[in-house]
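>>> Generate a structure from the sequence data that follows.
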Amino acid sequence: MPSETISDCWSCGASFDEEGRAEHFCRACGKVQPAASVDYFTFFGFSRKLDLDVAGLEREFYALSRRLHPDVFAQAEEQERAWSLEQSSMLNDAYRALKDPIKRTEYLLRLEGVELEEQSKQATEKARATGELKKQVVPPDLLEEVFELNMHLEELRAQKKVGEDDPALLEEIGKAKLSLEEKYDALFSELKGEWKKWDAAVDSGTEEELVKIRDRMVDVLNRRNYIRNLVRDVNEALE
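A predicted model of the protein is given here:
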């Protein structure tokens with residue numbers, strides 16, 4: 001686990017006076033520092049905002065990757081080598097979490113104490129293996145569409161078992177899939193709109209505003225995840 005946040009260099013005792021980011025190296029002596037217990041945004045020096053400078057994130061990642069490469073510390077003391085590996089591991093985890101817009105949003109929501117509903121492929125596979133019911137909450141605006149689609153999919157599976165083929169049924173399922181994919185894309189646009197509201201509220205909003213925006217993002221992601229898994233189910237049925 002990363003060390004507690006420190007304010008002085010372990011080697012030369014120089015103070016770290018910049019707030020809002022983790023110190024990876026001492027500015028005075030250049031020694032690598034123990035990985036601090038900070039969130040991924042702070043690790044890179046970002047505030048907890050979602051409309052993130054991805055190009056800047058990438059530049060910082062590659063710059064730190066070169067400086068933390070194991071070859072750089074091949075002749076260093078054992079403790080420094082361990083700290084460089086600790087920093088490098090956190091660097092990779094932070095970069096993976098923040099570079100992807102959806103993972104970034106989900107990570108921020110976890111920091112805010114919110115876990116999304118289990119709509120993942122892993123949850124589906126676990127349910128199939130154990131026979132348990134997977135937690136599925138059908139978005140209200142999709143109830144009728146999902147009911148009709150599930151009826152079509154059941155009919156398709158039944159036809160496959162007896163070797164039948166109904167082009168009209170396949171066309172209906174194809175249209176439903178296209179409609180879901182369009183909704184899926186629209187939800188990403190809706191999510192990006194909430195990012196801007198969140199970022200503005202971080203600067204000048206109230207806690208109440210942040211909670212409302214957070215809850216809307218959770219709702220968008222849950223609907224998006226549900227549709228993603230529904231499209232996957234359609235693709236499996238069509239194979």
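
>>> which residues in this structure form helices?
Taking DSSP state H as the criterion, the chain contains helices spanning 40-44, 54-67, 78-99, 101-111, 121-130, 143-161, 167-204, 207-238.

>>> To Arg27, which of those lies closest?
helix 54-67 (13.0 Å; C-beta to C-beta). For the C-beta atoms, the positions are set from N, CA and C on the backbone; glycine is no exception.

>>> hmm, who's touching that closest one?
Outside of helix 54-67, the residues that reach it under the criterion C-beta atoms under 8 Å, 6 or more residues apart in numbering are His24, Phe25, Phe44, Gly45, Phe46, Val72, Gln87, Ser88, Leu91, Tyr95, Leu98, Lys99.

>>> What of stretch 99-108?
Residues outside stretch 99-108 that contact it (C-beta under 8 Å, 6+ apart): 40-41, 48, 50, 52, 54, 57-58, 61, 96-98, 116, 188, 191-192, 195, 217, 221.

>>> cutoff 7 Å now
Applying C-beta atoms under 7 Å, 6 or more residues apart in numbering, the external contacts of stretch 99-108 come out as Tyr40, Arg48, Leu50, Leu52, Val54, Leu57, Ala97, Leu98, Leu116, Leu191, Met217, Leu221.

>>> Equivalent analysis for stretch 225-233, please.
Residues outside stretch 225-233 that contact it (C-beta under 7 Å, 6+ apart): Leu116, Gln119, Thr124, Val138, Pro139, Val146, Lys177, Leu180, Glu181, Lys183, Tyr184.

>>> what about the first one, how many neighbours?
A total of 16 residues lie near Leu116 under the criterion other C-beta atoms under 10 Å.

>>> so it makes contact with Asp219?
No. Taking C-beta atoms under 7 Å as the definition, Leu116 is not a contact partner of Asp219, at 10.2 Å.

>>> thinking again about what came up before, which members of the contacts of stretch 225-233 define the maximum pairwise distance?
Checked with C-beta to C-beta, these reach their widest spread between Leu116 and Lys177, with 23.4 Å between them.

>>> Next one: Asn222 from Asp215, what distance?
11 Å (C-beta to C-beta, to the nearest Å).

>>> Equivalent analysis for Pro34, please.
According to C-beta to C-beta, Pro34 and Asp215 sit 37 Å apart.

>>> neighbour-wise, which of those two wins?
A side-by-side neighbour count of Pro34 and Asp215, using other C-beta under 10 Å, places Pro34 first with 19 against 14.

>>> Hmm, Ser84 and that one touching each other?
No. Contact status for Pro34 versus Ser84: not in contact, 10.1 Å apart, counting by C-beta under 7 Å.

>>> ok, for Val114, nearest residue in space, not its chain neighbours?
Sequence neighbours aside, Val218 is the residue nearest to Val114 in space, at 5.7 Å (criterion: C-beta to C-beta, 6 or more residues apart in numbering).

>>> How many residues are close by that neighbour?
Burial measure for Val218: 19 neighbouring residues, criterion other C-beta under 10 Å.

>>> likewise Ser189?
Applying other C-beta under 10 Å, we find 9 other residues in the vicinity of Ser189.

>>> on that earlier part again, pull out the buried residues from the contacts of stretch 99-108.
For the contacts of stretch 99-108, a neighbour count by 16 or more other C-beta atoms under 10 Å gives the buried set as Tyr40, Arg48, Leu50, Leu52, Leu57, Ala97, Leu98, Leu116, Leu191, Met217, Leu221.
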